[in-house]
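S.K.: Give the three-dimensional model of this entry:
(chains A and B)
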Amino acid sequence: MSMVVLVPSKEDALLELVSAAEGLERKIAAVVPDPNWAEGYVDEIYRIPEDISNDKLVAALAAMNDVDAFLIYADRNGKEIAARLGARLGTSCYNDCTSINKDLEVERVAYGGKGVAKILIKARPAVVSIKPRAYKPKEPPSKSSEVKDLPVPEVEEKCVIKAVEEKELGAVDLTKAERIVAVGRGLKKKEDLEMIEELAQLLNAAVGCSRPIAADLKWLPEGHHVGMTGVQVSPKLYVAIGISGQIQHTIGFRNAEVVVAVNIDKGAPIFGEADYGIVGDLYQIVPEMIKQLKEMKKG
Amino acid sequence: MPNTLVCVKQVLDEMEIRVDKETRSLIMEDVPIKLSTIDRNALEEAVRIKEKHGGTVTVVTVSSKTPVDEKVMKEAVAMGADAACIVNTGSELDPLDTAKLIAEVYKKGNYDLILLGEGSNDEYNCAVGPMVAELLGLPVVTFVKRIEVADGKIIAERDLEDRMVTVEAPLPAVVTVVNEINEPRIPTLIQVIKASKKPLTKYTPTDLGVELGAKDRREVKKVEAFYKERKGVIIEEENPEEAVKKLLEYIKEVIS
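M.R.: As a prediction, the model looks like this:
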């Protein structure tokens, strides 16, 4: 029987992929370095060496038989694996899919996020990667799993890893935050984050940011980056300060209940994505918000 | 003296696509074409490598149904390329089609390095780069924030979610770069004018011996607008105190 093969990069990822695979009405297999990740969640477990190189993993996956679809976890490295596998198998690939059904029809962004595309994949095996957090982790386990070793072909590995440096991501989990105050390039210096943090505290909110603030300027750890390539959040309140409103960012908070924007530019696209907007200088508006919120608390 | 092939994509400017609020459909008329943002970073990186190490920079673009906008192409070349190449297909494409076409263009030259942006503004599939590498049997390093070119090899830093990974790979190699790798230059008018004089080669899929397969591999069923109703209340008070007062009144229930 044809199967769906899950390729996660970590345990949480595996559980999300299991949820994605549930509706596909096929036997489910997982390719994992530690069988404990998948025990009870899938029909077959294929063990691979820990820290297997991308070259070897792609070769090993390509050699599998009776596969209808590969569901790979769409973190950055996963997207590379999916693309390479799709090219090797001649079936192409679609990355960052937010849903998949038993016909192997997937949904993903179109036009940078302005649209949503539904794509029916006809090629077999279909190769897709599933967007992180598109599915909730599957609980509880309910299957009995067979464990085997996945044969890994001898391949020439041309890339050599010289160093790995862990990142400080910040302890925040914005996906659980009910309120978020986010800041963008309108902020002039790192020190000015202090007033943003004060505002967030008064609102009982977490602090978020657009991509440049985290990835480029490094004023905040990357866990605070809200956007298409960062975290997607769904708070009750999202306050966007000094953020112009590029779709790569706005796609990150589009499920927020109430959106407030503060921007000095009346024409900034953010105002089209907000319920309430103040056209003004954040260096005047934010201190005023802090002042009035403090008064509200007293009274 | 590395010769670099930079693959760029012309995309509809997503910021100019509007949503018809009544029909909830995308308004695609009169949407300008631009060079995909992160492809600019790839091109900038290629030009910096040339400035440091010598060699040449060739820009290649593949177009699907909309033919290539030659003005946009000229602006790309003006950033510092020596030659340009256009593949007009007039057909719907998937990433594997594009990768096959680029692989054939690569074979027609003498390149040491292929650079691309991490993903395009419109689809952000992040697939073409690794696919080109796979088709050509070349090493690939994706999501690179820093590249150094040394003797016959590159040392590249991958910017992954929770770690930075430094990788060494022999040339020829494929590298996809992240937005944060550099700040792309804006060409001067003179550079744009000079760009017209650079050699431009055009190919069709038939010229390259590539059979397109997108239609057989998938069917795009629907593209819907994402639309969420927002109140769009704009507070334009002169006085910050008044403005904030109004705002807090509007959102008092959410913040209580």
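
S.K.: close to chain B, is stretch A:63-83?
M.R.: Yes. Residues of stretch A:63-83 contacting chain B under C-beta under 8 Å from any C-beta of the partner chain: A:75-77, A:79-80, A:82-83. In this view, the C-beta of every residue, glycine as well, is placed from N, C-alpha and C.

S.K.: Mark which of the residues you listed are buried, thanks.
M.R.: The neighbour count (16 or more other C-beta atoms under 10 Å in any protein chain shown) marks A:75-77, A:79-80, A:82-83 as buried among the residues of stretch A:63-83 next to chain B.

S.K.: which among the residues you listed gets closest to A:Ser99?
M.R.: Nearest to A:Ser99 among these, counting by C-beta to C-beta, is A:Ala82 at 16.2 Å.

S.K.: which other residues reach the helix or strand hosting that closest one?
M.R.: Using DSSP states H and E, A:Ala82 maps to helix A:76-89. By C-beta atoms under 8 Å, 6 or more residues apart in numbering or on different chains, the residues outside helix A:76-89 that reach it are A:7, A:9, A:54, A:57-58, A:61-62, A:70, A:72, A:74, A:92-93, A:95-96, A:125, A:127-129, B:95-96, B:99, B:125-131, B:133-135, B:140, B:142-143, B:158-161.

S.K.: at 7 Å what do you get?
M.R.: With contact meaning C-beta atoms under 7 Å, 6 or more residues apart in numbering or on different chains, helix A:76-89 is reached by A:7, A:9, A:54, A:57-58, A:61-62, A:70, A:72, A:92-93, A:95, A:125, A:127-129, B:96, B:99, B:126-127, B:130-131, B:134-135, B:140, B:142-143, B:160-161.

S.K.: For the next helix-or-strand element following that helix, what does the pLDDT average out to?
M.R.: Sequence order places strand A:94-97 as the next helix or strand after helix A:76-89, per DSSP H and E. The average pLDDT for strand A:94-97 rounds to 98.

S.K.: Strand A:94-97 and chain B in contact?
M.R.: Yes. Using C-beta under 7 Å from any C-beta of the partner chain, strand A:94-97 comes into contact with chain B via A:94-96.

S.K.: can you list those residues in a markdown table and add neighbour count?
M.R.: Putting those into a markdown table (neighbours: other C-beta atoms under 10 Å in any protein chain shown) gives the following:
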| residue | neighbour count |
| --- | --- |
| A:Tyr94 | 26 |
| A:Asn95 | 27 |
| A:Asp96 | 24 |
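
S.K.: The stretch 51-200 of chain B against chain A: which residues are in contact?
M.R.: B:94-96, B:99, B:121-122, B:124-127, B:130-131, B:134-135, B:139-143, B:160-170, B:180.

S.K.: Tell me where the stretch 101-250 of chain A is predicted with low confidence.
M.R.: Applying pLDDT under 70 to the stretch 101-250 of chain A flags no residue at all.

S.K.: in it, what residue is nearest chain B?
M.R.: For the stretch 101-250 of chain A, the residue closest to chain B is A:Gly112, as judged by C-beta to the nearest C-beta, at 3.4 Å.

S.K.: on that earlier part again, could you pick out which of the contacts of helix A:76-89 are located in helices?
M.R.: By the criterion of DSSP state H, membership of the contacts of helix A:76-89 in helices covers A:54, A:57-58, A:61-62, B:96, B:99, B:130-131, B:134-135.

S.K.: For stretch B:99-117, what is the spacing between the initial and final residues?
M.R.: 14 Å (C-alpha to C-alpha, to the nearest Å).

S.K.: Give me the mean pLDDT for it.
M.R.: 98.

S.K.: got the contact list for that stretch?
M.R.: So stretch B:99-117 is contacted by A:87, B:2-7, B:36, B:38-39, B:41-42, B:45-46, B:58, B:60, B:62, B:85, B:87, B:128-129, B:131-132, B:135-136, B:171-177, B:203, B:205, B:208-210 (C-beta under 7 Å, 6+ apart).

S.K.: Buried among those? Need that as a selection in PyMOL.
M.R.: To isolate the buried ones among the contacts of stretch B:99-117 in PyMOL, judged by 16+ other C-beta under 10 Å, type:
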select buried, (chain A and resi 87) or (chain B and resi 2+3+4+5+6+7+36+38+39+41+42+45+46+58+60+62+85+87+128+129+131+132+135+136+171+172+173+174+175+176+177+203+205+208+210)
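
S.K.: Which single helix of chain B contains the most residues?
M.R.: helix B:37-53.

S.K.: Which is the succeeding secondary structure element to that one?
M.R.: Next along the chain after helix B:37-53, taking DSSP H and E as the criterion, comes strand B:57-63.

S.K.: That following strand pairs with which strands, parallel or anti?
M.R.: Strand B:57-63 has the following strand partners under DSSP bridges: strand B:4-8 (parallel), strand B:83-88 (parallel).

S.K.: what does the last one rub up against?
M.R.: Outside strand B:83-88, the residues within contact range by C-beta under 7 Å, 6+ apart are B:58-63, B:67-68, B:73, B:77, B:101, B:105, B:198-204.

S.K.: Let's see the ChimeraX selection covering just the buried ones among those residues.
M.R.: In ChimeraX syntax, the buried subset of the contacts of strand B:83-88 is picked out as below (16+ other C-beta under 10 Å):
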select /B:58,59,60,61,62,63,68,73,77,101,105,200,203
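
S.K.: Tell me if B:Leu26 really is in a helix.
M.R.: No. Counting by DSSP: H, G, I helix; E, B strand; the rest coil, B:Leu26 is not part of a helix but strand.

S.K.: Excluding chain neighbours, give the residue nearest to it in space.
M.R.: B:Ala225 (4.6 Å; C-beta to C-beta, 6 or more residues apart in numbering or on different chains).

S.K.: burial count for the one you found?
M.R.: B:Ala225: 19 surrounding residues under other C-beta atoms under 10 Å in any protein chain shown.

S.K.: pretty sure it is touching B:Ile17, no?
M.R.: No. Counting by C-beta atoms under 7 Å, B:Ile17 is not a contact partner of B:Ala225; they are 8.5 Å apart.

S.K.: And the strands in the stretch 101-250 of chain B?
M.R.: Per DSSP state E, counting those that start in this stretch, the stretch 101-250 of chain B carries strands over the ranges B:113-117, B:140-150, B:153-159, B:163-170, B:173-177, B:200-203, B:218-225, B:233-235.

S.K.: between the ones you listed, which gets nearest to A:Val207?
M.R.: Closest among the strands of the stretch 101-250 of chain B, once you apply C-beta to C-beta, is strand B:153-159, at 21.7 Å.

S.K.: what is the rounded mean pLDDT of that closest one?
M.R.: Average pLDDT, strand B:153-159: 98.

S.K.: Can you list the strands that it pairs with?
M.R.: strand B:140-150 (antiparallel), strand B:163-170 (antiparallel).

S.K.: That one: how far from the chain's middle?
M.R.: Computed by C-alpha atoms, centre = their mean, to the nearest Å, the chain-centroid distance of strand B:153-159 equals 19 Å.
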